[in-house]
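S.K.: Here is a sequence with its predicted model. Questions after.
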Amino acid sequence: MDTVILNVGGTIFEISWKLLKRHPGTRLAEISEKCSEFRKEKNEYYFDRNPEIFNVILDFYRYGELHFSSNLCTRLLQKELHFWNIECSMESCCIHPYLKLENQVQLLDKIKEPRNTCHECFDTLPRGVRIRRRIWTIMEEPLSSKAAKVNLF
């Protein structure tokens, strides 16, 4: 048999063994019938992973390049790359949107951080970020201050 059937989160993919073996050291290059993911009765490998992101993984196997669409979560993509044991740099056409999204995620994490955990960090943030963080706290934590309690009514 020169193809392998992969069931990724309920979506069936049929791929050639030759394609998978192009990238030794990755999870798919190492699969065999002895793997815990192999379902003998269906003659397929089952992975409980995100099938949408798996298309990015398959494209890596096909082209040897890492591309992703801007509607994908960068952190989820990183987790999937780690799971499939793929270490590859992002292509230049996708790196700018990737870095932009990653910066937005980091900014949101800073805004969502409780103020009392890092007074020094809070004071060094740009004024606009400090204001957004206060507004976020008022909206998300209604018992955090008098202003937040007033917002309840």
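M.R.: Arrived safely. Residues are numbered from 1 along each chain as shown.
S.K.: And the average pLDDT for stretch 24-41 is what?
M.R.: For stretch 24-41, mean pLDDT is 92.
S.K.: what does stretch 44-62 give?
M.R.: Mean predicted lDDT for stretch 44-62 stands at 92.
S.K.: List of residues touching that stretch?
M.R.: Identification of contacts with stretch 44-62 by C-beta atoms under 8 Å, 6 or more residues apart in numbering yields 4-13, 15, 19-20, 22-23, 26, 28, 31, 35, 37-39, 65-68, 72, 76-77, 80-81, 83-84, 86, 88. Placement of C-beta: from N, CA and C, glycine included.
S.K.: From the rest of the structure, what touches the stretch of helix or strand I12 belongs to?
M.R.: Assessed by DSSP states H and E, I12 sits inside strand 11-16. Strand 11-16 is contacted by residues 2-7, 44, 51, 54, 58, 61 when judged by C-beta under 8 Å, 6+ apart.
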